[in-house]
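In: here is my input, please return the structure:
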Amino acid sequence: MTTVYAIVIGLTVVVAFLALLVVSLLRTQAEILRRLDSLGIRLDEDDSSAPITMRTQPARTSTSDIAGVNPEGDPVVKSLQLGNDPTLLAFLSTTCTSCSEFWGAFESDSMVFHNARYRVLVVTLGPSEESPTRAANLSRTGVDVVMSSEAWEAFEVPGAPYFAVVDTESQQVIGEGTAVDMAALTTFLSDAAGDRRWDQSNLSDRTDADRERIIDDELRRAGLHPGDPRLYHDRHDGES
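Out: Just a heads-up that it's a prediction; the model follows:
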């Protein structure tokens, strides 16, 4: 009987050890998938039910320029204050399989999505992290491509593909996130355009006090607080 008990105890220990091993492996796999997804690498490309994570975010001030080099190596600076159409920044990678559909779909630097026109600008990481040759081969002739790791840092891009819509007049990021395909991107842009019209309509109905509060909030987000000397202009400034 002593031998039987010893065998039972031994098997119990082995089963417990295997259970712990399985749990550890599952946690490791989940962490690997999470990190791959953050880099824009998806293992479920053929899963049509994959969740769409494109979403509208609270508006925040963007940088006014995207500076870097083009795939040919020439320095370029693209202003986000040009024209009247909002800018669609498409943060893509030359090695991301999820990005291939977007590289092929962006055919011009001015495109219409769901009855609204957008200025399209593709942004990759800098040439030290991406292949300029692949960027040149993947991009269409009519689409501007800027290779800029600094832009990725400024917009806090977690991985490709990632998109941000910048309002030309207010310089606000009015929507940002990821999309699994062009259909998801088009749906998001439709929602972002509707939200923008709603904001503009409600702004016209606000009182002076409401507008003043909104302006104060925007200034605080930009690092300007009441009493900041940068808010005041002396007519003698600049006079010699």
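In: measure Val165 to Val120 for me?
Out: Applying Cβ to Cβ, to the nearest Å, the value for Val165 to Val120 is 11 Å. For glycine as for every other residue, the C-beta is placed from the backbone atoms N, C-alpha and C.
In: could you list the low-confidence segments of the protein?
Out: Filtered on pLDDT under 70, the chain yields the residue ranges 1-2, 4-6, 8, 10-11, 13-63, 193-240.
In: helices along that one, start to end?
Out: Assigned by DSSP state H, the helices in the chain fall at 2-38, 100-105, 132-138, 149-154, 182-204, 208-221.
In: which residues sit against the lengthiest strand in the chain?
Out: Secondary structure of the chain per DSSP state E: the longest strand is strand 116-124. Identification of contacts with strand 116-124 by Cβ atoms under 8 Å, 6 or more residues apart in numbering yields 66, 68, 78, 82-83, 85-94, 103, 106, 108-112, 130, 135, 139, 143-148, 151-152, 165, 168, 189-190, 193.
In: buried residues in it?
Out: Ala116, Tyr118, Arg119, Val120, Leu121, Val122, Val123, Thr124 (16 or more other Cβ atoms under 10 Å).
In: so in that sheet, which strands flank that strand, and in what orientation?
Out: If you go by DSSP bridges, strand 116-124 pairs up with strand 87-91 (parallel), strand 110-113 (antiparallel), strand 144-147 (parallel).
In: which of the contacts of strand 116-124 are buried?
Out: For the contacts of strand 116-124, a burial check counting by 16+ other Cβ under 10 Å picks out 66, 68, 78, 85-94, 103, 106, 109, 111, 130, 135, 139, 143-148, 151-152, 165, 168, 189, 193.
In: identify the residues contacting Val145.
Out: By Cβ under 8 Å, 6+ apart, the neighbours of Val145 are Asn70, Pro71, Val122, Val123, Thr124, Ala135, Ala136, Ser139.
In: could you chop this protein up by domain?
Out: 1-38, 54-202 (automatic domain parsing).
In: just say which of those domains is most tucked in.
Out: By mean neighbour count, with neighbours taken as mean count of other Cβ atoms under 10 Å, domain 54-202 ranks first of those at a mean of 18.
In: related to what we said a few turns ago, out of the strands paired with strand 116-124, nearest to Leu185?
Out: Across these, Leu185 has its closest neighbour in strand 110-113 (7.5 Å, Cβ to Cβ).
In: restricting the selection to alpha carbons, write the closest one to CSV.
Out: Extracted C-alpha coordinates of strand 110-113, given in CSV (Å, rounded to 0.1, in the frame of the first residue of the first chain):
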residue,chain,number,x,y,z
SER,A,110,-6.1,64.1,-51.9
MET,A,111,-8.8,61.4,-51.6
VAL,A,112,-12.5,61.3,-50.9
PHE,A,113,-13.8,58.9,-48.2
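In: what sits up against it?
Out: Residues outside strand 110-113 that contact it (Cβ under 8 Å, 6+ apart): Asp85, Leu88, Arg117, Tyr118, Arg119, Val120, Leu185, Thr186, Leu189, Ser190.
In: since that was my last question, I'll sign off now.
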